[in-house]
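S.K.: output the structure for:
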Amino acid sequence: VLWQFVAADRPITHPRISDAEKSFIINSQEAAHGKSSESHPATPWGSLLTSRAVWACWIGHFAGDWGAYTMLVSLPTFLRDVLGLDITSLGFLSAVPYVAYFIVINVGGFVADYIRAKNLLSTVNMRRAAMIVALGGQALFLILSSYCSCGQDALVILFLTIAMALSGLQFS
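M.R.: Below you'll find the predicted structure:
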(Lines give C-alpha, C1' and ligand atoms only; values in the text may rest on other atoms or scores of the structure.)
Protein backbone atom coordinates (compact mmCIF):
# COMPACT_ATOMS: atom_id res chain seq x y z
CA VAL A 1 0.00 0.00 0.00
CA LEU A 2 2.82 2.38 0.89
CA TRP A 3 4.63 1.58 -2.38
CA GLN A 4 1.51 2.42 -4.39
CA PHE A 5 1.34 5.78 -2.63
CA VAL A 6 4.99 6.84 -2.99
CA ALA A 7 6.01 5.28 -6.33
CA ALA A 8 5.18 5.81 -9.98
CA ASP A 9 6.18 4.15 -13.24
CA ARG A 10 7.83 7.29 -14.57
CA PRO A 11 8.70 10.72 -13.22
CA ILE A 12 6.22 12.33 -15.60
CA THR A 13 3.33 10.39 -14.02
CA HIS A 14 4.41 10.86 -10.39
CA PRO A 15 1.72 12.90 -8.60
CA ARG A 16 3.81 14.14 -5.68
CA ILE A 17 6.93 15.71 -7.20
CA SER A 18 7.17 19.25 -8.48
CA ASP A 19 7.27 20.16 -12.17
CA ALA A 20 10.83 21.45 -11.71
CA GLU A 21 11.92 18.09 -10.26
CA LYS A 22 10.15 16.18 -13.05
CA SER A 23 11.90 18.34 -15.63
CA PHE A 24 15.28 17.88 -13.96
CA ILE A 25 14.92 14.07 -13.84
CA ILE A 26 13.74 13.81 -17.45
CA ASN A 27 16.48 16.14 -18.75
CA SER A 28 19.13 14.23 -16.77
CA GLN A 29 17.95 10.91 -18.19
CA GLU A 30 17.90 12.26 -21.73
CA ALA A 31 21.38 13.70 -21.32
CA ALA A 32 22.73 10.40 -20.03
CA HIS A 33 20.86 8.03 -22.33
CA GLY A 34 19.67 10.08 -25.29
CA LYS A 35 16.12 11.07 -26.11
CA SER A 36 13.64 8.58 -24.79
CA SER A 37 11.30 6.82 -27.09
CA GLU A 38 8.25 4.78 -26.32
CA SER A 39 9.75 1.64 -27.89
CA HIS A 40 12.21 -0.26 -25.74
CA PRO A 41 15.35 -1.75 -27.27
CA ALA A 42 15.31 -5.51 -27.77
CA THR A 43 16.85 -7.61 -25.01
CA PRO A 44 20.23 -8.92 -26.23
CA TRP A 45 19.53 -12.55 -25.26
CA GLY A 46 22.43 -13.90 -27.31
CA SER A 47 24.93 -11.63 -25.57
CA LEU A 48 23.49 -12.40 -22.17
CA LEU A 49 23.51 -16.16 -22.65
CA THR A 50 27.09 -16.19 -23.97
CA SER A 51 28.53 -13.75 -21.42
CA ARG A 52 31.20 -15.30 -19.19
CA ALA A 53 30.43 -12.73 -16.48
CA VAL A 54 26.73 -13.62 -16.44
CA TRP A 55 27.52 -17.35 -16.23
CA ALA A 56 30.11 -16.77 -13.49
CA CYS A 57 27.58 -14.84 -11.39
CA TRP A 58 24.88 -17.45 -12.00
CA ILE A 59 27.10 -20.44 -11.16
CA GLY A 60 28.57 -18.72 -8.09
CA HIS A 61 25.20 -17.79 -6.66
CA PHE A 62 23.74 -21.19 -7.52
CA ALA A 63 26.56 -22.83 -5.57
CA GLY A 64 26.21 -20.43 -2.66
CA ASP A 65 22.45 -20.80 -2.49
CA TRP A 66 22.75 -24.57 -2.80
CA GLY A 67 24.97 -24.62 0.28
CA ALA A 68 22.73 -22.25 2.23
CA TYR A 69 19.53 -24.14 1.42
CA THR A 70 21.17 -27.50 2.02
CA MET A 71 22.13 -26.30 5.48
CA LEU A 72 18.67 -24.88 6.05
CA VAL A 73 17.04 -28.19 5.20
CA SER A 74 19.66 -30.64 6.53
CA LEU A 75 21.00 -28.90 9.63
CA PRO A 76 18.22 -30.01 12.00
CA THR A 77 18.53 -33.62 10.78
CA PHE A 78 22.33 -33.53 11.18
CA LEU A 79 22.11 -32.16 14.70
CA ARG A 80 19.45 -34.70 15.70
CA ASP A 81 20.54 -37.88 13.91
CA VAL A 82 24.33 -37.55 13.76
CA LEU A 83 25.13 -35.66 16.94
CA GLY A 84 22.16 -36.83 18.97
CA LEU A 85 21.08 -33.32 19.93
CA ASP A 86 17.50 -32.43 20.75
CA ILE A 87 16.70 -29.42 18.55
CA THR A 88 13.89 -28.24 20.83
CA SER A 89 16.26 -28.13 23.81
CA LEU A 90 18.73 -25.99 21.86
CA GLY A 91 16.17 -23.21 21.47
CA PHE A 92 17.76 -19.98 20.33
CA LEU A 93 21.10 -21.69 19.81
CA SER A 94 19.77 -23.52 16.75
CA ALA A 95 18.90 -20.14 15.18
CA VAL A 96 22.34 -18.59 15.76
CA PRO A 97 23.78 -19.72 12.37
CA TYR A 98 20.92 -18.02 10.52
CA VAL A 99 21.20 -14.84 12.56
CA ALA A 100 24.92 -14.73 11.72
CA TYR A 101 24.06 -15.33 8.03
CA PHE A 102 21.65 -12.39 8.06
CA ILE A 103 24.18 -10.09 9.75
CA VAL A 104 27.03 -10.99 7.37
CA ILE A 105 24.82 -10.56 4.30
CA ASN A 106 24.11 -6.99 5.37
CA VAL A 107 27.51 -6.02 6.80
CA GLY A 108 29.36 -7.72 3.93
CA GLY A 109 27.83 -5.33 1.41
CA PHE A 110 29.06 -2.31 3.34
CA VAL A 111 32.53 -3.83 3.70
CA ALA A 112 32.68 -4.58 -0.03
CA ASP A 113 31.61 -1.01 -0.84
CA TYR A 114 34.26 0.34 1.53
CA ILE A 115 36.98 -1.79 -0.08
CA ARG A 116 35.86 -0.63 -3.52
CA ALA A 117 35.69 3.03 -2.44
CA LYS A 118 39.26 2.87 -1.12
CA ASN A 119 40.38 1.25 -4.42
CA LEU A 120 41.86 -1.70 -2.54
CA LEU A 121 40.25 -4.12 -5.03
CA SER A 122 38.56 -3.66 -8.38
CA THR A 123 34.90 -4.57 -8.68
CA VAL A 124 35.70 -7.87 -10.40
CA ASN A 125 38.35 -8.81 -7.84
CA MET A 126 36.06 -7.83 -4.95
CA ARG A 127 33.38 -10.14 -6.35
CA ARG A 128 35.90 -12.93 -6.81
CA ALA A 129 37.27 -12.53 -3.30
CA ALA A 130 33.79 -12.47 -1.77
CA MET A 131 32.77 -15.64 -3.60
CA ILE A 132 36.01 -17.45 -2.74
CA VAL A 133 35.73 -16.58 0.96
CA ALA A 134 31.99 -17.36 1.00
CA LEU A 135 32.09 -20.71 -0.78
CA GLY A 136 35.52 -21.85 0.39
CA GLY A 137 34.86 -20.80 3.98
CA GLN A 138 31.49 -22.49 4.05
CA ALA A 139 32.98 -25.71 2.66
CA LEU A 140 35.89 -25.65 5.11
CA PHE A 141 33.74 -25.21 8.21
CA LEU A 142 31.15 -27.74 7.06
CA ILE A 143 33.92 -30.30 6.61
CA LEU A 144 35.35 -29.42 10.02
CA SER A 145 31.92 -29.86 11.62
CA SER A 146 31.66 -33.35 10.14
CA TYR A 147 34.72 -34.40 12.17
CA CYS A 148 33.09 -33.39 15.45
CA SER A 149 31.68 -36.13 17.61
CA CYS A 150 28.99 -36.35 20.25
CA GLY A 151 29.73 -34.11 23.20
CA GLN A 152 31.25 -31.36 21.05
CA ASP A 153 27.95 -29.52 20.68
CA ALA A 154 29.39 -26.05 21.17
CA LEU A 155 32.14 -26.65 18.61
CA VAL A 156 29.65 -27.94 16.04
CA ILE A 157 27.37 -24.94 16.54
CA LEU A 158 30.40 -22.64 16.27
CA PHE A 159 31.58 -24.27 13.02
CA LEU A 160 28.08 -24.22 11.53
CA THR A 161 27.63 -20.60 12.56
CA ILE A 162 30.91 -19.60 10.91
CA ALA A 163 30.00 -21.61 7.79
CA MET A 164 26.61 -19.91 7.46
CA ALA A 165 28.05 -16.48 8.25
CA LEU A 166 30.79 -16.79 5.65
CA SER A 167 28.34 -18.00 3.03
CA GLY A 168 26.52 -14.68 3.42
CA LEU A 169 29.50 -12.96 1.81
CA GLN A 170 28.38 -14.30 -1.58
CA PHE A 171 25.95 -11.39 -1.74
CA SER A 172 28.74 -8.85 -1.41
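S.K.: let me see the ranges of the helices in the protein.
M.R.: 2-6, 19-33, 45-49, 52-77, 87-90, 96-117, 123-146, 153-167 (DSSP state H).
S.K.: per-residue confidence for the residue lying closest to R16 once chain neighbours are set aside?
M.R.: In this structure, R16 finds its nearest non-sequential neighbour in V6, 7.5 Å apart by Cβ to Cβ, 6 or more residues apart in numbering. For every residue, glycine as well, the C-beta is placed using N, CA and C. Reading off the confidence values, V6 has pLDDT 81.
S.K.: do D81 as well
M.R.: On the pLDDT scale, D81 gets 79.
S.K.: start at 132, not 1
M.R.: I'll keep to 132 as the first residue from here, and by that count the last item is D212.
S.K.: so how far is C281 from it?
M.R.: As judged by Cβ to Cβ, to the nearest Å, D212 and C281 stand 12 Å apart.
S.K.: cool, T254 as well?
M.R.: 46 Å.
S.K.: do the same with L275
M.R.: Distance of L275 to C281, given as Cβ to Cβ: 16 Å.
S.K.: who has more neighbours, those two?
M.R.: L275 (16 against 10; other Cβ atoms under 10 Å).
S.K.: run through the residues that contact that one.
M.R.: F290 (Cβ atoms under 8 Å, 6 or more residues apart in numbering).
S.K.: what is the neighbour count of S276?
M.R.: 22.
S.K.: check contacts around it.
M.R.: Taking Cβ under 8 Å, 6+ apart, one finds 286-287, 290-291, 294 in contact with S276.
S.K.: how about the spatially closest residue to R247 that is not a sequence neighbour, what does it touch?
M.R.: In space, and not counting its chain neighbours, R247 is closest to M257: 5.6 Å by Cβ to Cβ, 6+ apart. By Cβ under 8 Å, 6+ apart, the contact list for M257 reads 243, 246-247, 303.
S.K.: switch to 7 Å and redo it
M.R.: Neighbouring residues of M257 by Cβ atoms under 7 Å, 6 or more residues apart in numbering: 243, 246-247.
S.K.: which among these gets closest to D150?
M.R.: R247 (36.8 Å; Cβ to Cβ).
S.K.: sketch out the low-pLDDT regions of the chain for me.
M.R.: Applying pLDDT under 70 to the chain flags residues 165-171, 220-222.
S.K.: same thing but at 80, please
M.R.: Applying pLDDT under 80 to the chain flags residues 143, 146, 160-172, 206-225, 280-282, 284.
S.K.: among the helices of the chain, which is the most enclosed?
M.R.: helix 284-298 (a mean of 21; mean count of other Cβ atoms under 10 Å).
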